[in-house]
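Chemist: 3D, please:
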Amino acid sequence: MPTYFIDTNIFIYAKGKDHPLKSSCISMIKKIGNQEITAIINTEVIQEILYRYQSIKKLPSGISLAKEAVKICSLILPVEERDLSLAMEILGSNPRIQTRDAFHAATMLNHNINEILSTDPHFDLIPNIRRIQP
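Modeler: Okay, the predicted model is just below:
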């Protein structure tokens, strides 16, 4: 069974408004739920979901989505001091990388996770990370 770090956008597109990526993200969430994919996230993914929904004044929906993400993922990694250091290195080497993406990548690399399920092409810029487009 493939193991992927699951980017925040997979959860948000799956639950959000109509969008060209919605159905493919729903399909990936179903695969996670059916245990066809081992899903790993970090605490920053949950923070990102909550931040997004609070910013659009839909925090109860965000809390619900965050709880669903926690429930279906096999592992939720903390963001540790070594992740902070590596995230800053990633940001310093490529300013086109978004801050949260650097934190996700650092957590992945520090836990020997090399594949991420994401719609975000910024991950293609990070060495040793392979992005899987849903």
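Chemist: which residue packs closest to Leu91, ignoring adjacent ones?
Modeler: Leaving aside its chain neighbours, Leu91 sits nearest to Ala102 (4.8 Å; criterion: Cβ to Cβ, 6 or more residues apart in numbering). All C-beta spots, glycine's among them, are computed from the backbone N, C-alpha and C.
Chemist: How much space separates the one you found from Ile90?
Modeler: 4 Å (Cβ to Cβ, to the nearest Å).
Chemist: about what we covered before: the residue nearest to Leu91 contacts Ala87, doesn't it?
Modeler: Yes - with contact defined as Cβ atoms under 8 Å, Ala102 reaches Ala87; the gap is 4.3 Å.
Chemist: May I see the buried residues of stretch 40-56?
Modeler: Residues Ile40, Ile41, Asn42, Glu44, Val45, Ile46, Glu48, Ile49, Arg52, Tyr53 are the ones in stretch 40-56 that count as buried (16 or more other Cβ atoms under 10 Å).
Chemist: want to throw these into a markdown table with secondary structure?
Modeler: As requested, those are arranged in a markdown table below (DSSP: H, G, I helix; E, B strand; the rest coil):
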| residue | secondary structure |
| --- | --- |
| Ile40 | strand |
| Ile41 | strand |
| Asn42 | strand |
| Glu44 | helix |
| Val45 | helix |
| Ile46 | helix |
| Glu48 | helix |
| Ile49 | helix |
| Arg52 | helix |
| Tyr53 | helix |
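Chemist: Which of those residues sits closest to Val70?
Modeler: Proximity of the buried residues of stretch 40-56 to Val70 (Cβ to Cβ) peaks at Ile46, which lies at 6.7 Å.
Chemist: which residues does the closest one contact?
Modeler: Residues in contact with Ile46, defined by Cβ atoms under 8 Å, 6 or more residues apart in numbering, are Ala66, Ala69, Val70, Ile76.
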